[in-house]
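Q: any chance you can model this:
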Amino acid sequence: MVRLSALGDLVFALPVLHALHQALPGCRVDWLAEDRCADLPRSHPLVAETLVFPRRRWRRGLGAVPIARHLVGLRRREPWDLVLDLQSNLKSALHLRFLRARRTLGFGPPIGREGAWRFVDHAVTVDEPRLHRSERDLELVRAAGITAGPARTAAWPLPPGVEVPDEVADSVLLHVTTTAYGRDKEWPPGRWAELARRLADRGLAPRALWTPADRDRVAAVVEDAGGALGWAPPTPTLAHLMATCDRARALIGTDSGPVHLAAHRGTPVVALFGPTDARIYAPLGPRVRIVHSEPLETPPPPRDRSRRSPLMERIGVDEVLAALADLEVEG
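A: Just a heads-up that it's a prediction; the model follows:
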């Protein structure tokens with residue numbers, strides 16, 4: 001499986017992993033991922049080996065040597081029976097030049113980009129443009145002649161030694177930040193603060209989810225909430241993130257990797273959608289509610305990632321609270 005990034009997209013690819021093992025019991029599945037996302041397949045018991053693309057070392061100016069070693073290492077491996085290129089862009093095409101396989105499948109245009117389809121044996125076309133990302137990935141499995149049912153979700157055991165304070169069990173986690181690449185998905189900080197105050201009034205103990213890298217941005221929302229919003233334990237690793245979300249009452253956040261991961265593992269989730277299409281990117285999980293500013297039948301307009309989308313401005317605190325109430329997490 002070639003799914004290099006990002007975290008949410010790796011979560012959407014997990015049903016492919018389940019489908020392969022269900023259809024081919026005892027098969028060996030290796031996963032090629034970027035270093036910043038590699039902890040996800042590393043943690044999963046159905047992944048035999050995680051092959052790591054050292055992209056961060058390259059971007060930090062350490063030269064092409066680590067990349068060259070990585071690619072040559074792939075070339076020296078025994079051929080795989082099947083390679084599924086779920087990424088289907090220039091980054092994955094680079095790897096396909098070095099991955100030896102008896103058969104390779106990827107997506108043709110428009111899903112496949114930057115000519116990646118030229119490096120596979122079979123380019124798969126998906127006719128439904130708004131097919132959910134997990135179902136779309138499963139189409140690649142089916143095109144390989146492997147039976148795959150609907151996308152399924154499941155938690156898997158956490159790595160040993162990860163502990164989370166008991167008070168997290170009473171928390172509603174708020175994931176208030178976005179990545180620089182997804183600024184248009186930001187919900188106004190003042191709305192997060194208001195939501196925290198109203199959750200606290202209901203005795204639901206809101207706590208902000210955070211990593212050391214985004215502490216300053218989270219601190220501004222915590223301060224604005226005037227003592228109503230506490231801090232969740234830091235989540236410096238993916239294992240800490242999973243453990244924290246597993247224990248919480250619920251997680252509220254925008255379309256993001258942590259939201260998708262928590263939902264996949266069974267945490268009750270309220271997801272806020274504006275500029276991204278919920279039909280394609282809605283979190284999969286047994287207890288998920290979507291709050292969106294436009295009808296689901298209407299595709300969002302083209303994105304402007306440089307600033308907050310007006311569609312996020314249209315989502316009110318009352319709508320979020322109603323979605324949370326529908327999950328019945330109180331009490």
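
Q: just checking, which helix or strand of the protein averages the lowest pLDDT?
A: None of the helices or strands of the chain scores lower by mean pLDDT, DSSP states H and E than helix 55-59, at a mean of 71.

Q: in whichever helix or strand comes after that helix, what counts as buried?
A: The C-terminal neighbour of helix 55-59 among helices and strands, as given by DSSP states H and E, is helix 65-75. Under the neighbour-count criterion of 16 or more other C-beta atoms under 10 Å, helix 65-75 has P66, I67, H70, L71, L74 buried. Every C-beta, even on glycine, is put in place using the N, C-alpha and C of the backbone.

Q: can you give me the helices in this protein?
A: Using DSSP state H, the helices of the chain run over residues 7-23, 39-43, 55-59, 65-75, 90-96, 133-143, 189-201, 215-224, 238-247, 257-264, 278-281, 310-313, 317-326.

Q: what's the most buried one of the ones you listed?
A: Of all the helices of the chain, helix 257-264 carries the top mean neighbour count, a mean of 26, counting by mean count of other C-beta atoms under 10 Å.

Q: run the chain-centre distance for that one.
A: Relative to its parent chain, helix 257-264 has a centroid offset of 6 Å by C-alpha atoms, centre = their mean, to the nearest Å.

Q: count the neighbours of D170 for me.
A: 13 (other C-beta atoms under 10 Å).

Q: so for it, what's the nearest residue that isn't a sequence neighbour?
A: A205 (4.8 Å; C-beta to C-beta, 6 or more residues apart in numbering).

Q: how close does that neighbour get to V218?
A: If you measure A205 against V218 using C-beta to C-beta, to the nearest Å, the figure is 16 Å.

Q: how far is stretch 197-213 from where the chain is centred?
A: 22 Å.

Q: if you could redo that for stretch 159-176, that was the one I meant.
A: Worked out by C-alpha atoms, centre = their mean, stretch 159-176 lies 19 Å from the chain centre.

Q: then stretch 124-137?
A: 17 Å.

Q: average pLDDT for that stretch?
A: Taken as a whole, stretch 124-137 has a mean pLDDT of 97.

Q: now what about it, what contacts it?
A: Contacts to stretch 124-137, defined as C-beta atoms under 8 Å, 6 or more residues apart in numbering, come from residues 9, 12-16, 86, 105-108, 111, 139-140, 143, 150-151, 277, 279-282, 284, 299.

Q: quick one, domains of the chain?
A: For the chain, the structural domains run 7-143, 166-326, going by automatic domain parsing.

Q: with distance to W156 added, can I get the ones you listed in a markdown table?
A: Below are the domains of the chain laid out as a markdown table (distance: least, C-beta to C-beta, whole Å):
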| stretch | distance to W156 |
| --- | --- |
| domain 7-143 | 6 |
| domain 166-326 | 8 |
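
Q: out of those, which comes closest to P157?
A: Evaluated over those, closeness to P157 peaks at domain 7-143, with 7.0 Å, by C-beta to C-beta.

Q: low-confidence ranges in the stretch 101-250 of the chain?
A: The model of the stretch 101-250 of the chain has no residue with pLDDT under 70.

Q: got CSV for the buried residues of helix 65-75, with distance to R56 too?
A: Output for those, formatted as CSV (distance: C-beta to C-beta, whole Å):
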residue, distance to R56
P66, 9
I67, 11
H70, 12
L71, 16
L74, 18
